[in-house]
Each structure stands twice: as structure tokens, then as C-alpha cells.
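Chemist: Here's my sequence, what's the structure:
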Amino acid sequence: MDKITTSIITIGDELLIGQTIDTNSAWIAQQLNAMGIWVHRRVAIGDVKEDILEALARESAVSDIVLITGGLGPTADDITKPTLCEYFNTRLVQNEAALENVLHIFESRGLALLQRNLDQSMVPESATVINNKRGTAPGMWFEKEGKIYVSMPGVPHEMQGIMEDYVLPQLGKHFDTPAVIHQTLITSGMGESFVAERLTAFEAKLPAHVKLAYLPSYSLLKLRLTAFGKDKLSVAAEVSILFHELKDLVADIVVTDRDMTMGEVLGQLLKEKGKTVATAESCTGGLIASWITAIPGSSAYFKGSVVAYAYETKEQVLGVKPETLQTQGAVSEAVVKEMVAGALSLLDTDYAIAVSGIMGPDGGTPEKPVGTVWVAVGNKDTINTVKFQLRYDRERNTQMTAVYAMNELRKLILQ
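Modeler: Here you go, the predicted model:
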């Protein structure tokens, strides 16, 4: 079965100068990959007519589908629509459905309507107009010489609505796509190269239509098996057998056998056990609590957090002894143990996490260099502590500390 290929073109000067991060391409790629459509290329270009025309011609030569985001706003620098008219040899006309949508949005919000807002309902005559339920700029579907082009707003929320409501279902009807099965497990505690060495024999015997991907992220490593085939059930059965073999080979470092965040992993475990947790955070500044509460329903197991950044907060709120801080320093095993005990008492939970560290870029000493982190996790009977020596920048050190701490609690709960 031939691959169906897509090129994604993102338009906007703000993407090229780094003012806006392109999250659209990643989201689109995930959705297409899940339905068996291969993303051949991702291209970012500025608000320049010649560049847009060149990109359309170049990408349509190598892909079956060209998806475009951006440049559909109401300001002068949004030139995608007139450029599409030139490319498809058509003209702008007013679309009644798009006009009604614009009027409804402004009237329902009690906003004044400008001509440039009304112009959002002007679309290339040869396009099939896609209703944008989340904004004023409609999506547009074109077909030319056997290729499909779709232009959508660059606002992620609006683009995603158009993709989910119309584009993905239509692409599914238009193309005979292969069955694609993904299974992912997440590991921690072993570097990518060492895991790859352990899996050398397993990877060598995989059939050609099954691929193993290594996806490192901070202190976690995702291992994803992907298989393509004609029959979904047979492909799924084959991947399931291989996945269980893979899982057995890395059983000692597996965090979860699903593609989940650490917040989801920990939340699911706490919910299953009927237990609660609190956090006492210094160097992570509430990041762990943020990850936990990002999960819907987390109020069932998360009671609260103390961001005890200063010495006096550790003392006055968590009950850390002044002499412990004076003799051991804030970044020490003794302090994080007392932080855990304080959080357990103050917030009356079954478990608590505490972290204290030196994230950088400065603040280190010869005895405690930048990247020194102490983590404690515990309940009323046990407090486990681990020291980490991280070596990255402040942001990455903070993220890794949060992952390590949550994983330590996971391990304690499973003891």
C-alpha cells in the first residue's frame, strides 16, 4: 500500500523570529500519523507572497496533501487568501455562511464590527469553505491536479476545531489509509544509549513494517512501537506480542506502559490506592503541584502544596528546625525529610513530596555545586531520600527534578 504523504506549511514572520512557537505542526502531525497519513515535510515561511507561492508549488510536487496554517487574520500582513487566489487562479468572493458566522460572533459579544472583520468572510471562489466554530476566519479546502490543499487559521484552538470537525474526517473518506498501531512505554533511570544496547537483539528481529522509536525527554525515555498494515486487528495483535516482549526486557526501569504524563501516572496510582498527596517545593517552585493538578479530577487525591522557597517559610510553615537549616543548609537530606514530615502533618495526607536544590546558573558551592538536588518522598511510616547531581540549565534542571521526585513517589507507593 502506497504511503499517503502530507506537507505542513506554517505561515507567519513571528514563527521565523521565534516570537511564536509552532505547536500547530506537531499537533497536526500527531493526528495524521494516528490515521496512517505520513508527514513528509514541515515548512515554516514568512508573510511573503513569493515564498508562499514557491512553498505551495514545491510541497505539492512531493506530497498528496498540503496543509497550511496562518496568515488568515484581519490585518494587512495576513496575505494568505489573496496569495491562494493567485495560486489557484481565482478571485475573492463573499461567503454567506462565513459572513453569518462573523456577525454572530461580534453581535453575541457586543463588539463593534469593522470592515476588516467583515472581510474575514471573503474567500477564494474555487474553495470549499469550512466553517470555523471558534473564530471568524473560515478554513478553505482546494483540489488541484489530484492534490488536496487546506488553509486554516494559525490560532491553535481554531485550527484544531477545523481539523477535528471537517478536515480529518474528509481525509479519511478521501484516502484508503493503512492501519497504524502505536504502543508506548515510558522508562526512567537508564540513558538512551544503554537502553538501545539492551534492545539490540530485539530491534534487529523486528519485521520491516514495525519500527521502534526512542523518544527521550528530560529524565524519561519513551519507547514506541509503530506498525503499519492493511488489517488493523492483525497488526494490533502482532504489536501486542512484540510490546509485551519489549516490556519484559526493560521491566526494571518501566514507569508505565501507556503514553502518559507523570501527572497522569501518579494520579492514576493514587486514585487506584485511594490515597492522597501533598507537595513541599523549594527549587521547583510549585511545578510538581502544577503537573499533578493539570489532570482533571486531581482534587480526589491532591490536597495542596507549600512553595517554601525561603528559610523562614520552611521554618514557619513546614516546621523545619532552624538548627537543621543552619548546620545542614537548605539543600540537604535532613531538610527535605523535615519538609516531608511538615507537609504530611500540615496538609494531613497519606503521602508527601519534598524537593530542595540549586537550579543555577549560580548559587553553587564546591560542596554543593549547581545541579545538586535532594528529593524526599514519604508517608507516616517511611521517608525515602535521593540525591541527584544534575548538569543542565535552570529550566531543564527544574523539570528533571519534578520528574525524578514524582517517580520516587510512584516507586514508594508500589513498594
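Chemist: which residues of the chain score low on pLDDT?
Modeler: Counting by pLDDT under 70, the chain shows low-confidence ranges at 1.
Chemist: mind giving me the domain ranges of it?
Modeler: Split into domains by automatic domain parsing, the chain comes to 4-174, 180-256, 262-414.
Chemist: For residue 309, the count of nearby residues, please.
Modeler: 16 (other Cβ atoms under 10 Å). Every C-beta, even on glycine, is put in place using the N, C-alpha and C of the backbone.
Chemist: Could you pull up the contacting residues of it?
Modeler: 282, 285 (Cβ atoms under 8 Å, 6 or more residues apart in numbering).
Chemist: 10 Å instead, please
Modeler: With contact set as Cβ atoms under 10 Å, 6 or more residues apart in numbering, residue 309 has these partners: 281-286, 330, 356.
Chemist: same question, residue 324
Modeler: 314-315, 330, 332, 334-335, 337-338.
Chemist: ok, and the most crowded of these?
Modeler: residue 314 (27 neighbours).
Chemist: Now name the helix or strand holding it.
Modeler: Assessed by DSSP states H and E, residue 314 sits inside helix 311-316.
Chemist: list the helices and strands that helix packs on?
Modeler: strand 302-307, helix 322-328, helix 333-347 (3 or more Cβ pairs under 10 Å, 6 or more residues apart in numbering; DSSP states H and E).
Chemist: any idea which of the ones you listed is most buried?
Modeler: helix 333-347 (a mean of 22; mean count of other Cβ atoms under 10 Å).
Chemist: Please name every helix or strand in contact with that helix.
Modeler: strand 277-281, strand 302-307, helix 311-316, helix 322-328, strand 351-357, strand 372-378, strand 383-389.
Chemist: Taking strand 383-389 as reference, get the angle to that helix.
Modeler: Angle, helix 333-347 to strand 383-389, by axes from the mean of the first three to the mean of the last three Cα atoms, to 10 degrees: 130 degrees.
Chemist: what distance separates helix 333-347 from the middle of the whole chain?
Modeler: Relative to its parent chain, helix 333-347 has a centroid offset of 32 Å by Cα atoms, centre = their mean, to the nearest Å.
Chemist: Kindly report the same for stretch 123-132.
Modeler: Using Cα atoms, centre = their mean, the offset of stretch 123-132 from its chain centre is 31 Å.
Chemist: buried sites along that stretch?
Modeler: 123-124, 126-127, 129-132 (16 or more other Cβ atoms under 10 Å).
Chemist: and if you look at stretch 27-34?
Modeler: Those would be 28-29, 31-32, for stretch 27-34 by 16+ other Cβ under 10 Å.
Chemist: and if you look at stretch 149-160?
Modeler: Applying 16+ other Cβ under 10 Å to stretch 149-160 flags 149-155, 158-160 as buried.
Chemist: would you list those in TSV and tack on distance to residue 118 and secondary structure?
Modeler: Compiled in TSV, the buried residues of stretch 149-160 are given as follows (distance: Cβ to Cβ, whole Å; DSSP: H, G, I helix; E, B strand; the rest coil):
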residue	distance to residue 118	secondary structure
149	25	strand
150	23	strand
151	19	strand
152	20	strand
153	17	coil
154	20	coil
155	19	coil
158	18	helix
159	22	helix
160	25	helix
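Chemist: longest helix of the protein?
Modeler: Ranked by number of residues, the top helix in the chain under DSSP state H is helix 394-414.
Chemist: got the CA positions of that one in PDB?
Modeler: Presented in PDB, the C-alpha positions along helix 394-414 are these (Å, rounded to 0.1, in the frame of the first residue of the first chain):
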ATOM      1  CA  ARG A 394      17.900  26.100  35.200                       C
ATOM      2  CA  GLU A 395      14.800  25.100  33.200                       C
ATOM      3  CA  ARG A 396      15.900  21.600  32.500                       C
ATOM      4  CA  ASN A 397      17.200  21.000  36.000                       C
ATOM      5  CA  THR A 398      13.800  22.100  37.400                       C
ATOM      6  CA  GLN A 399      11.800  19.900  35.000                       C
ATOM      7  CA  MET A 400      14.100  16.900  35.700                       C
ATOM      8  CA  THR A 401      13.800  17.400  39.400                       C
ATOM      9  CA  ALA A 402      10.000  17.300  39.200                       C
ATOM     10  CA  VAL A 403      10.000  14.100  37.100                       C
ATOM     11  CA  TYR A 404      12.500  12.400  39.500                       C
ATOM     12  CA  ALA A 405      10.500  13.400  42.600                       C
ATOM     13  CA  MET A 406       7.200  12.200  41.200                       C
ATOM     14  CA  ASN A 407       8.800   8.900  40.000                       C
ATOM     15  CA  GLU A 408      10.300   8.400  43.500                       C
ATOM     16  CA  LEU A 409       6.800   8.700  45.000                       C
ATOM     17  CA  ARG A 410       5.500   6.200  42.400                       C
ATOM     18  CA  LYS A 411       8.100   3.700  43.500                       C
ATOM     19  CA  LEU A 412       7.300   4.200  47.200                       C
ATOM     20  CA  ILE A 413       3.600   3.700  46.600                       C
ATOM     21  CA  LEU A 414       4.300   0.400  44.800                       C
END
